[in-house]
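Asks: I'd like to go over a predicted model; first the sequence, then the structure.
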Amino acid sequence: ALLLLAGCGGGGGGGSASTASSSAPASGIQERTIKAGIGLNEDHPEGQGLKKFAELVSEKSGGKLKVIPYYAAQLGDDKKMTEALQAGTQEITIPSTSPLVGDIKEYAIFDFPFVFNEEKEAHAVLDGPLGQKLLEKLPAHNLIGLGYWENGFRNLTNSKHPVATAEDFKGLKIRTMQNQVHLEAFSALGANPSPMAFSEVFSALESRTVDGQENPLATIKSNKYNEVQKYLSVTKHVYTPFVFLVGKKFWDKLSPEEQQILRDAAAEAGKYQRELNQTENQKALDELKAAGMEVNEVSAEEKARMQEIIKPVIDKFAKEIGEDLVKEMYDEVAKVRK
Ligand code: KDG
């Protein structure tokens, strides 16, 4: 069994390269197969971004580094894939930051509702010193972060009624990500949240185990939630980043040249992914309407009321995370708004 394990290490992490000599630092570019998994579909902007990443890595390495993309949670959900990276049995995943909060509590700042109004405000925080500081916490958890892609602003769908006021959340059974801030925030609003892996959401909605869920428009469309959800409320209640993760066990086997290829490709594909995400989110709203969803906006006044109701939850988590860090985020947003 030991031999077998040694042979599988890094999930095809490089044939002769990885076994050649573990003491000498790797150099040049070796032939390697890199498994990269996400929860979303190939047609989703994240899927298209991953595809672009694979192409770029192939180009930059003269075909030696082969990224094999796995879409639609074929390798498991965000948590499972992150654990596989830590164990060294998968090389790359690009999860929402929210399920990572169990490991790195500071990531919960991106679960605070109504912090960002526009994508560019989130980008300034993510691509600035604060985002970097959080990436630097990853290696202690056997993960390397190559930057942030975009999941985006989340909106509520459900099968019961339009949600336009804070009171409309009362009693709704809502699937949330596996994240304590989301759970407590929805509870504060009087909803009945239940945490669930993404891959289980469609059938939970279909069987009416839950009434609703919340995700960006591109996801609602790509995963065809319109087939099992009548009401779409444009709540934009929270902006979720994706973090581009590489397993540290695998990363440490790479030569500096190979690492640079992955860094550059992740940054380039990320830029493409964010742009595509914004155009797709815009298009998706009309498409979901055309597909029969009943769409309502939520007024600024109601959002402010929701924020007020959730405030004790946010204050509690701000204390746990560190109020300095939270302040740093709000200061950065204020700078962009000016
Ligand atoms: O690939 C990312 C997905 O697995 C997941 O993060 C999508 O936002 C998501 C959710 O609701 O779980």
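Replies: Received the coordinates, thanks. Numbers count the residues shown, from 1 in each chain.
Asks: Tell me who's in contact with A54.
Replies: By Cβ atoms under 8 Å, 6 or more residues apart in numbering, the contact list for A54 reads A36, K66, V67, I68, P69. For glycine as for every other residue, the C-beta is placed from the backbone atoms N, C-alpha and C.
Asks: how far is stretch 179-187 from where the chain is centred?
Replies: Centroid separation for stretch 179-187 versus its chain: 17 Å, with Cα atoms, centre = their mean, to the nearest Å.
Asks: Could you pull out the buried residues of it?
Replies: Applying a neighbour-count criterion of 16 or more other Cβ atoms under 10 Å, one finds N179, Q180, V181, H182, L183, E184, A185, F186, S187 buried in stretch 179-187.
Asks: between these, which is nearest E167?
Replies: Using Cβ to Cβ, F186 comes nearest to E167 of the buried residues of stretch 179-187, at 13.8 Å.
Asks: In which helix or strand does that closest one reside?
Replies: Here F186 sits within helix 180-188, counting by DSSP states H and E.
Asks: residues near whatever residue of the stretch 101-250 of the chain ends up closest to the ligand, how many?
Replies: Proximity of the stretch 101-250 of the chain to the ligand (Cβ to the nearest ligand atom) peaks at F198, 3.3 Å away. F198 is flanked by 24 other residues according to other Cβ atoms under 10 Å.
Asks: Not counting sequence-adjacent ones, nearest residue to it?
Replies: Distances taken as Cβ to Cβ, 6 or more residues apart in numbering put G39 closest to F198, at 4.5 Å, once the chain neighbours are dropped.
Asks: That neighbour touches A73, doesn't it?
Replies: Yes: the pair G39 / A73 is scored as a contact, 4.5 Å apart, by Cβ atoms under 8 Å.
Asks: quick one: least confident helix or strand in the chain?
Replies: Least confident helix or strand, the chain: helix 2-8 with a mean of 38, by mean pLDDT, DSSP states H and E.
Asks: Show me which residues of the stretch 1-150 of the chain are close to the ligand?
Replies: When proximity is defined by Cβ under 6 Å from any ligand atom, the stretch 1-150 of the chain lies next to the ligand at I38, G39, L40, E46, D78, P95, S96.
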